[in-house]
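Participant: what follows is a predicted structure for the sequence shown.
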Amino acid sequence: MSSARKVKMFAFNRLDRESRRWRSGPSDETIATRVIAGETSIFEVLMRRHNQRVYRAIRAILKEEAEIEDVMQQTYVDAFANLYQFRGAASFSAWILRIAVNEALSRLRQRTRFTLIGTGSSNPAHPVGPDLSSCEDPEEGTSRVELIRLLEVAVDELPSTYRLVFVLREVEGLTTRETAAALGVTRDVVKTRLRRSKLLIQRRVRARLRPRDAFVFLAPRCDRVVKGVLQRVAPKLQYSEQERTRHGTAPTLN
């Protein structure tokens, strides 16, 4: 496995451990109430719990990593300043995602406006907007990393409206209701966009897959099979070697 793939697998494993650690304890709503009451230091727990989700939502709209982090910070600053407005009618996750999406869309509109001013164009550009911890087999881990990368590319190519719904529903696991609340749309809109996004992803992935690349039998497995066979037939090989020595013949490859 290449060093880059090893690094990515290590990052996935670490992310999974960190996520489990921060998600334990009081609910988001309880922590929010305590922050409002004066325990401001534990706002960090909310940030760490939702960093991955907020990142993915913003990345579905923006692409520049530095800009994404800037929008994430602004999202949390706004959330902290307006935490008293969180009433619990929707989940904290949906509430924070609504702030993140609005901030990202605002940043995207600013970027588009600056681009139009700089180029003089009258037409705006089109908006651009797995658990590996159990993989003990390096070959299996490599395959899963490659599949994840293939999916990431397909998702990135989706129109921003479809991409955002797919990320929230399928990647982050939000319900239709939570996604609708986060985006400020109806449930039917979420269902329609999700269905279309899946269809587009399926087409893009299928276009990149080559049947001849399926069911590969790479070196590690080949080595295991050869080693196992040689161990099982070792007595016979030893006997054959003795026979060849006795008759003065040598093994040949035809």
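Facilitator: Arrived safely. These figures come from a predicted structure and were not determined experimentally. Numbering: from 1, shown residues only.
Participant: show me the helices in the chain, by range?
Facilitator: In the chain, the helices defined using DSSP state H lie at 3-23, 28-36, 43-59, 65-81, 92-119, 138-156, 160-166, 176-183, 187-208, 219-232, 234-247.
Participant: of the ones you listed, flag the one that's most buried.
Facilitator: helix 160-166 (a mean of 23; mean count of other CB atoms under 10 Å). Any C-beta I mention is one placed from the backbone N, CA and C, and that applies to glycine too.
Participant: and it, what does it pack onto?
Facilitator: helix 138-156, helix 176-183, helix 187-208 (3 or more CB pairs under 8 Å, 6 or more residues apart in numbering; DSSP states H and E).
Participant: and the gap between the closest residue to residue 98 other than its chain neighbours and residue 80?
Facilitator: Setting aside the residues directly before and after it, residue 98 is nearest to residue 182 in space (CB to CB, 6 or more residues apart in numbering), at 5.0 Å. Residue 182 is 18 Å from residue 80, where distance means CB to CB, to the nearest Å.
Participant: residue 92 and residue 208: what is the separation?
Facilitator: The gap separating residue 92 from residue 208 is 38 Å, by CB to CB.
Participant: sorry, that was for residue 26
Facilitator: Distance from residue 26 to residue 208, by CB to CB: 44 Å.
Participant: ditto for residue 174
Facilitator: Separation of residue 174 from residue 208 (CB to CB): 27 Å.
Participant: residue 45 now?
Facilitator: With CB to CB as the criterion, residue 45 and residue 208 are 40 Å apart.
Participant: residue 75 too?
Facilitator: From residue 75 across to residue 208, the span is 33 Å (CB to CB).
Participant: check residue 167 too.
Facilitator: From residue 167 to residue 208 the distance is 20 Å (CB to CB).
Participant: repeat that for residue 89.
Facilitator: 42 Å.
Participant: as TSV, the helices of the chain with mean pLDDT would be great.
Facilitator: TSV is the format used below for the helices of the chain (pLDDT from 0 to 100):
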stretch	mean pLDDT
helix 3-23	56
helix 28-36	93
helix 43-59	92
helix 65-81	91
helix 92-119	76
helix 138-156	74
helix 160-166	92
helix 176-183	91
helix 187-208	92
helix 219-232	79
helix 234-247	63
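Participant: from what I see, residue 108 and residue 62 are in contact.
Facilitator: Yes. At 6.3 Å, residue 108 and residue 62 qualify as touching, with contact defined as CB atoms under 8 Å.
Participant: report the contact partners of residue 186.
Facilitator: residue 180 (CB atoms under 8 Å, 6 or more residues apart in numbering).
Participant: same deal with residue 47?
Facilitator: For residue 47, the contact set (CB under 8 Å, 6+ apart) comprises residue 76.
Participant: and the protein, what are its domains?
Facilitator: 3-213, 218-254 (automatic domain parsing).
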